[in-house]
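>>> sequence first, predicted coordinates after that:
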Amino acid sequence: MKLATYKDGSRDGQLLVVSRDLGLACYATGAAQTLQQALDDWNFIAPQLQDFYVALNQGRARHAFPFEPGRCMAPLPRAFQWAAADPALPEQPAGAGRQLSLRQGSGDAFLGPCDDMPWHEPALGVDCGAGLAVVSADLPARASPEQALDAIRLLMLVNDWCLRAPAGAAAPEGAMPAWPATAFSPVAVTLDELGSAWQRGRLKLPLQLTRNGQALAGGEPEAGSLHFGQWLALLCRHRPLGAGTVLGCLAQRSPALEEGDQLRLEVKGPQGQSLFGAIAQTLALAA
């Protein structure tokens, strides 16, 4: 099934169920008000959401309405934990091998898929990392990669914005590389929606990233040689993870961006259908 969250003036928004073709939606009223509520009691609430989803796709949902991505928050507007496997992070030597890096960030700075990215410090350059993110169920400390893979509840697209000194320039005094905001696709999807494209923790479909309508990069939306079960196992190596933990693997990084640049990120299925909807953002100087 496909789930989204509409803006309603609250911090956590209102949960929607969205049809497979992203054409229609209905509120999840009676099952869950927010996505976090659904994740906290997934085994009980998910079947109710699935009933809504089936009714939408069969054209018999009561109170269905056209789905509008521009009204969306991130599917999970704030999370207990957000971490990213970022290929832009330097790997440190570790004996004969190399140490894998996970960057942990703020879970309360998520942007909606069509929200502008506010640029507060023009002296710093801006780029972004695009990829795939998963939302997990509860996981105990030291869970195995197989346990972690089974705990994945939802997948989303992610666009992670970064500020850093421009190449060859010194950073302003007191400034350092920072990740001020992260955006997610309009909808989050369950694994069954991906069919054979989901293969043991990896999505085998092209990631389409464009800047002002021009393609920047292509390829599969996965970072490195590990699958999501292995990355989640690394994240819970020393402590448990709560339901609603979000982990992203950034597969593509943009070049330095300029004010007014429009970024679009999308994954399409074999028949050309958009699986998650598109992240479509503009880099805008903050007022």
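Okay, I see it. Residues are numbered from 1 along each chain as shown.
>>> give me the contacts around stretch 80-89.
With C-beta atoms under 8 Å, 6 or more residues apart in numbering as the contact definition, stretch 80-89 has outside contacts at 100-107, 110, 129, 158, 160, 162, 179, 182, 223-224, 226, 231, 235, 241-242, 244-251, 253. The way it works is simple: take the backbone N, C-alpha and C, and place the C-beta from them, glycine included.
>>> which strands and helices lie in contact with the helix or strand where Ala38 lies?
If you go by DSSP states H and E, Ala38 is part of helix 35-40. Where contact means 3 or more C-beta pairs under 8 Å, 6 or more residues apart in numbering; DSSP states H and E, helix 35-40 is packed against strand 2-6, strand 14-18, helix 42-57.
>>> packing partners for whatever helix or strand comes next after the longest one?
Spelled out, it's helix 42-57. Going down the chain from helix 42-57, the next helix or strand is strand 65-66, by DSSP H and E. Applying 3+ C-beta pairs under 8 Å, 6+ apart, one finds that strand 65-66 makes contact with strand 24-27.
>>> parallel or antiparallel, list what pairs with the strand it packs on.
In the sheet, strand 24-27 lines up against strand 14-18 (antiparallel), strand 65-66 (antiparallel) (DSSP bridges).
>>> with just CA atoms, put the helix holding Ala38 into CSV.
C-alpha atoms of helix 35-40 as CSV (Å, rounded to 0.1, in the frame of the first residue of the first chain):
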residue,chain,number,x,y,z
LEU,A,35,1.8,7.5,10.5
GLN,A,36,3.7,7.2,13.7
GLN,A,37,0.5,6.0,15.4
ALA,A,38,0.3,3.3,12.7
LEU,A,39,3.9,2.3,13.1
ASP,A,40,3.5,2.0,16.9
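>>> in that helix, what counts as buried?
35-40 (16 or more other C-beta atoms under 10 Å).
>>> which outside residues touch that helix?
In contact with helix 35-40 (C-beta under 8 Å, 6+ apart) are residues 3, 5, 12, 15, 28, 31-32, 45-46, 49, 75-76, 135, 137, 153, 188, 243-244.
>>> list the buried ones in stretch 256-267?
Buried residues in stretch 256-267 (16+ other C-beta under 10 Å): 257, 261, 263-267.
>>> now pLDDT too, for the residues you listed, in CSV please.
Shown next, in CSV, are the buried residues of stretch 256-267 (pLDDT from 0 to 100):
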residue, pLDDT
Leu257, 94
Asp261, 97
Leu263, 96
Arg264, 96
Leu265, 96
Glu266, 96
Val267, 95
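>>> about what we covered before: deepest of the strands paired with strand 24-27, which one?
Each of those was scored by mean neighbour count; the highest is strand 14-18, a mean of 25, by mean count of other C-beta atoms under 10 Å.
>>> Three-state assignment for the nearest residue to Glu146 once chain neighbours are set aside, please.
Closest residue to Glu146 apart from its sequence neighbours, by C-beta to C-beta, 6 or more residues apart in numbering: Gly229 at 6.4 Å. The local conformation at Gly229, judged by DSSP: H, G, I helix; E, B strand; the rest coil, is helix.
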